[in-house]
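Undergrad: Whatever this is, show me its structure:
(chains A and B)
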Number of protein chains: 2
Amino acid sequence: MEHGAKILFAIFVAFVAAQIGKEIAQRLRMPGVVGEIAAGVAIGPFALNWLPKTELPTLQIFAELGAVFLLFAVGLETRLGDLQKVGKESSKVGVFGVVLPFVVAFALAKALNFPVNKALFFGAAFVATSAGITARVLQEFGVLSRKSSQVILGAAVIDDILAMLLLGVVSSLGKGGFDPVSIGFLLAQAVGFVIVVGIVGGRIMRRSSKLMDLPLNPNSALALSLMICLGLAFLSAQIGLAAIIGAFLAGMLVAETEQRHSVEKQVISINELIVPFFFVVTGSQVDIRQLANVQMIGFVLLVTVLAGITKFVAGYFGSSTLGKGEARVVGIGMIPRGEVGIIVAALGLQSGAFDEGMYSVIIAMSLLTAIVAPPLLQIALKASDKMALSTTADLGLGISKVNGSDDQT
Amino acid sequence: MEHGAKILFAIFVAFVAAQIGKEIAQRLRMPGVVGEIAAGVAIGPFALNWLPKTELPTLQIFAELGAVFLLFAVGLETRLGDLQKVGKESSKVGVFGVVLPFVVAFALAKALNFPVNKALFFGAAFVATSAGITARVLQEFGVLSRKSSQVILGAAVIDDILAMLLLGVVSSLGKGGFDPVSIGFLLAQAVGFVIVVGIVGGRIMRRSSKLMDLPLNPNSALALSLMICLGLAFLSAQIGLAAIIGAFLAGMLVAETEQRHSVEKQVISINELIVPFFFVVTGSQVDIRQLANVQMIGFVLLVTVLAGITKFVAGYFGSSTLGKGEARVVGIGMIPRGEVGIIVAALGLQSGAFDEGMYSVIIAMSLLTAIVAPPLLQIALKASDKMALSTTADLGLGISKVNGSDDQT
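TA: Residues are numbered from 1 along each chain as shown, chains lettered A, B, ... in the order given. Coordinates of the predicted model:
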C-alpha cells in the first residue's frame, strides 16, 4: 500500500471501529466510550492488528488532538463562575486525590521491597486522573452542568498541576538531584498560567466578544475559538501541564463570549470526527497477551483495585459536602487514569526505574480504571438521582438523557 | 520542546497563519486561498521557517485530509444529475486538457534536447489539474451550482483518471518496459470505480437514506457520511487515483440523501479546522530561493505560461457550447496544477529522470499556476456575469456573493 493510502486506511478503520463499538455499547445500555475503547483493544496491534504499524504515530497525534478538542468542548459547557463556586470541594478532591494514592502506592511498593526510585515512579503513576474519559461520560449523559461534574472538572485541573509537580520531583530524585527552586518555579508557572488564563482571560473574553465577528470569514468566531484552543493547549504542554488543561481553559474562555452557543454546536461536528481516535488509540495500547499469566493478572487486579479505591475515597470525602450520592459520583469520576498513567509508565521505563513487566502493569491499570469507571459512573449517577428523587421533588438532570442523546445538533 | 508540544505548536502556527493570510487576501478583494497559500510560503522552511522540520510529515497528512474533506464538501454541493447533464463538455475538457498540455510540453522538451525519459515526465507534469484549488475558489464565491463549475468538476474527475494512466505509462516506459495489459487493467479499474460508485452508489443512497438515522448516535448521519468519505478516499488512493476523487464521489453520494443539508452544515465546521492545512502546506513547499537566478526565473515563467495557456485553450474549446464567458471560466478553472504536479515531479526525481533543478522548476510551475488561477478566476466570473447581464435579464449567480460569504452556518 502506498503511504497516502495507508494512512487513509488506518484512519478509516479506526473511525469505523469506534462507531461500531459505540453503537454496540449504547445498545447494551453502557456508555459509548466503553465501546470505543473496546474497539481499540480489538483492532490494536495486540489483537486483530488491523492498524498498520507505520501509521500508529500519526494516529497517536490524532488521539492527542481528540483529547484536546474533547476537553475544549467540555470547557465550552462549563462556566467559570460555576467552577469557582465549588472551588473548596475541587481543591480538597484534587489534593486528597493526589496525596492518598501516592502514599498508599509508595507504601505498597516499599512493602514489596522495590528500590526507592522504582517506588517513587510507581506512586506517581497512581496519581493523575484522566479528565478525558470522565468528561466524555458526563457529556454523553448530559450532566456536565451538575455540581458533581463541576467538582470533578475543577479537581482534574488541580490534580494535573500537582501530578506534574510530583512527576518533576520524582524525575529529579530519580536522576539523583532534587532542585527545590526549579520545582517551585514549575509550580509558580503552572498556577500562574491557570489563574491568568482563567481570570484575566475570562474578563477579556467577556468584554471583547464582539471582536470575534470582525473578520470577513463568516465562521470567524469558530476560527478564533480554534486558535485559542490550539494556542492554550500548546502553551499548557510547553510549561509541562497536559495539553488538555489548556484546551479546557480555552473552552471556558470561549464559553464567556456571546458566540458560545454557535461555537459549541460547530465543535460538536468537529468532535464527531476527531474524538473517537482518542478512545480507539487508548484501547489499542492494551496488550491483552500480558493477561495470559495468572500471577500477572493477580498483581494487575490488586494494583487496579488499589488505584480505584484510593481515588474514590479521596474524591468521596473531599466532596462530602455535596451529599452522599453526589460525593459517590465525584469519587468514581476521579478513578480513570488513562493517558497520564501511560505517560508516567513510559517515563519510568525510559529512566530505567521500570522493567517491561512493571511498565505493562501500569499500562493495564491505567486502562482498566478507564474501562471500569464509565459503567460505574452511570450507576452512581442513576443512584444519586434516585436518592434526590426520594428526598425531594427535584428530578435533577441527566437520567432521562442517558442513552443516545449526548450531542445534539 | 517536547514532542506533544511541538506538534501542537506546528498546528497552531499553520492554522493562525492561514487565518491571517485569508483575512488579508479577502480585505484586498482577492480569493482567500491566495492568502492561505502565501501564508504557507511565508512560514515555510524556505522563508521564516516557523514550522518545526520534524512535524512536516504530520502537517502533510493534515494537508491531505484537508484536500479530502474539501472535495467531500464540494461533492456535497454537487448533484449527480447536474454533472451528467454536462457530461459531453466535461469529457471534452478533460480529454483535451490532458492531450494538449502533454503534447506541447513533450514537444518543448524534445526541442530542448531532453532525453525521452525526462521529456515524458516533463510532459506528464503538465497534465493533471488540481481540483482542490479551483473548487475552493468556486465554493468561496458561492458559484458551485453554476454550469461552468459542474463542467470543471466533471472534467477534473476525467482528467485525474487520464493523468493517472499517463503516469502509469510514463513510469513503465521509464523503467524500460511497457505493459499494455496492466495499463488497460488500471483504466478498467478506475473507470469501473467511478461508474459503480457514482451510479450504483447514488441509487443505493437515495433508497436507503432513512437507514442513516437508525444508530443511537444523534449525529449518525454525519458519522456515516464521514465513513463513506474516508472509505472511498482510501479505495480511490488504493487503486491509484487521487484520494480526493473518492472523497468527491462520496460527497455526491451523500448529496443524494435526505440528510444532505444537515451534513453539509456540519462538514463546514470540520473544514474550518482542517482545510487551511492543505493550502498552507502547499505554500510551504515553495523554495523561493530558487527564484534568485534570472535564467531560472525565465524558464519557470516560460513553463508556467505554457502550462496555463495549454490548459486554458483545452478548457475553453472543450466547453465552447456554454458561451464565451462561461468557457473562459472553465478554461481558467482548469489551470491550477497544485499537488498533482508536485507528485509527478517527486516521481521524476526518484526515478532519476529529473535532477534537482528540473524538480524545482516543476514545483514552481505547479504552485504558480495555483497562485495565479484564483484571481484570474474571480475576474472571469465577474466578466461572465456582466456578459450575461448585458445580453439577458438573468442576474445569474455569484457576484453578489463574492467576498466573505463562502460558508454560512
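
Undergrad: Please make it C-alpha for all contacts and neighbour counts, starting now.
TA: Noted.

Undergrad: How about the residues of the stretch 101-250 of chain A by chain B?
TA: A:215-219, A:222-223, A:226-227, A:230-231, A:233-235, A:237-238, A:243 (C-alpha under 8 Å from any C-alpha of the partner chain).

Undergrad: ok, 10 Å please
TA: Residues of the stretch 101-250 of chain A lying close to chain B (C-alpha under 10 Å from any C-alpha of the partner chain) are A:215-220, A:222-224, A:226-240, A:242-243.

Undergrad: and those residues, which are buried?
TA: Buried subset of those (neighbour count, 16 or more other C-alpha atoms under 10 Å in any protein chain shown): A:215-220, A:222-224, A:226-240, A:242-243.

Undergrad: how far does the helix or strand hosting residue A:271 sit from the chain's center?
TA: Following DSSP states H and E, the helix or strand that holds residue A:271 is helix A:260-284. Averaging C-alpha positions (C-alpha atoms, centre = their mean, to the nearest Å) puts helix A:260-284 14 Å from its chain's average.

Undergrad: That helix vs helix B:260-284, what angle?
TA: Relative orientation of helix A:260-284 versus helix B:260-284 (axes from the mean of the first three to the mean of the last three C-alpha atoms, to 10 degrees): 70 degrees.

Undergrad: number of nearby residues for residue A:181?
TA: Per other C-alpha atoms under 10 Å in any protein chain shown, the neighbour tally for residue A:181 reads 9.

Undergrad: So which of the buried ones among the residues of the stretch 101-250 of chain A next to chain B belong to helices?
TA: A:220, A:222-224, A:226-238, A:243 (DSSP state H).

Undergrad: residues from the stretch 251-400 of chain A in reach of chain B?
TA: So the stretch 251-400 of chain A meets chain B at A:262-263, A:265-274 (C-alpha under 10 Å from any C-alpha).

Undergrad: Mind doing that once more with 6 Å?
TA: A:266, A:269-270 (C-alpha under 6 Å from any C-alpha of the partner chain).

Undergrad: Off-centre distance for stretch A:24-37?
TA: 18 Å.

Undergrad: Pull the residues that contact the worst-scoring helix or strand of chain A on mean pLDDT.
TA: Least confident helix or strand, chain A: helix A:338-351 with a mean of 74, by mean pLDDT, DSSP states H and E. Residues outside helix A:338-351 that contact it (C-alpha atoms under 6 Å, 6 or more residues apart in numbering or on different chains) are A:125, A:130, A:354, A:359, A:363, A:366-367, A:370.

Undergrad: Report pLDDT for the most far-flung residue of chain A relative to its centre.
TA: Distance from the centre of chain A peaks at residue A:216, with 35.9 Å (C-alpha atoms, centre = their mean). Note on residue A:216: pLDDT of 89.

Undergrad: What is the subsequent helix or strand relative to the least confident helix or strand of chain A?
TA: Next in sequence after helix A:338-351, counting helices and strands by DSSP H and E, comes helix A:356-391.

Undergrad: So which other helices or strands are in contact with that next one?
TA: Secondary-structure packing of helix A:356-391 (3 or more C-alpha pairs under 6 Å, 6 or more residues apart in numbering or on different chains; DSSP states H and E): helix A:324-333, helix A:338-351.

Undergrad: what about chain A, any weak spots by pLDDT?
TA: Scanning chain A for pLDDT under 70 picks out the ranges A:1, A:174-178, A:290-291, A:339-340, A:391-409.
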